[in-house]
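**Q** give me a model of this one.
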Amino acid sequence: MSIELNHTIVYAEDKRASAEFLAGLLGLGTSTFGPFVQVTTGNGVGLDYATAPKGDIAPQHYAFLVSDEEFDAAFDRIKAQGLTYWADPHHRREGEINRNDGGRGVYFLDPSGHNLELITVPYGGWPTR
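**A** Next up, the predicted model:
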């Protein structure tokens, strides 16, 4: 069996609000599993949201590889919600997307301050065969 990431815990000020924020932008659903609100990606990785006390959350970075169509839909939702977005992880190029590796990418924050990224091409480009 190959090693795969199955799930990770994402701490949030409000687990439901943060899970629904991500699920809504990506066009995914949420489910409840024990004390967690889970968002599961297309490759089966679960982001299990848990509520943490305010001030106890260290911002993390989560990047999602999406198709061009999924990028368009999510980016439309980002703009419709009036979210601030950037072309770079240091948030210097506000209101722009990047075109790294021949694709498109964008960064934005979730309600708890996690830096989320959407990319249409993996870093370094698609492997050649």
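**Q** please list the residues outside the host helix or strand of residue 49 that contact it.
**A** Using DSSP states H and E, residue 49 sits in strand 46-51. Defining contact as C-beta atoms under 8 Å, 6 or more residues apart in numbering, one finds that strand 46-51 is touched by 6-16, 18-19, 22, 33, 35-41, 62. Any C-beta I mention is one placed from the backbone N, CA and C, and that applies to glycine too.
**Q** those in helices, which ones?
**A** In helices, defined here by DSSP state H, the members of the contacts of strand 46-51 are 15-16, 18-19, 22.
**Q** got phi/psi on the residue nearest the centre of the chain?
**A** The structure's the chain has its C-alpha centroid closest to residue 116; by C-alpha atoms, centre = their mean the separation is 4.2 Å. Main-chain torsions, residue 116, degrees, to the nearest 10: phi -100, psi 150.
**Q** which residues does it contact?
**A** So residue 116 contacts 22, 61-64, 107-110 (C-beta under 8 Å, 6+ apart).
**Q** pull out the buried members of the contacts of strand 46-51.
**A** Among the contacts of strand 46-51, those classed as buried by 16 or more other C-beta atoms under 10 Å are 10-15, 18-19, 22, 36-40.
**Q** tell me which two of these sit farthest apart.
**A** 13 and 40 (21.7 Å; C-beta to C-beta).
**Q** okay, now the unreliable bits of this protein?
**A** 129 (pLDDT under 70).
**Q** now, the contacts of strand 46-51 that are in strands?
**A** Counting by DSSP state E, these place 7-12, 33, 36-40, 62 in strands.
**Q** ok so, going back, a markdown table for the ones in helices among the contacts of strand 46-51, including distance to residue 56?
**A** Shown next, in a markdown table, are those (distance: C-beta to C-beta, whole Å):
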| residue | distance to residue 56 |
| --- | --- |
| 15 | 13 |
| 16 | 18 |
| 18 | 14 |
| 19 | 18 |
| 22 | 20 |
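**Q** give the helix, strand or coil label for the residue nearest to residue 66 when sequence neighbours are not counted.
**A** Nearest non-adjacent residue to residue 66, counting by C-beta to C-beta, 6 or more residues apart in numbering: residue 118, 5.4 Å away. Here residue 118 is recorded as strand under DSSP: H, G, I helix; E, B strand; the rest coil.
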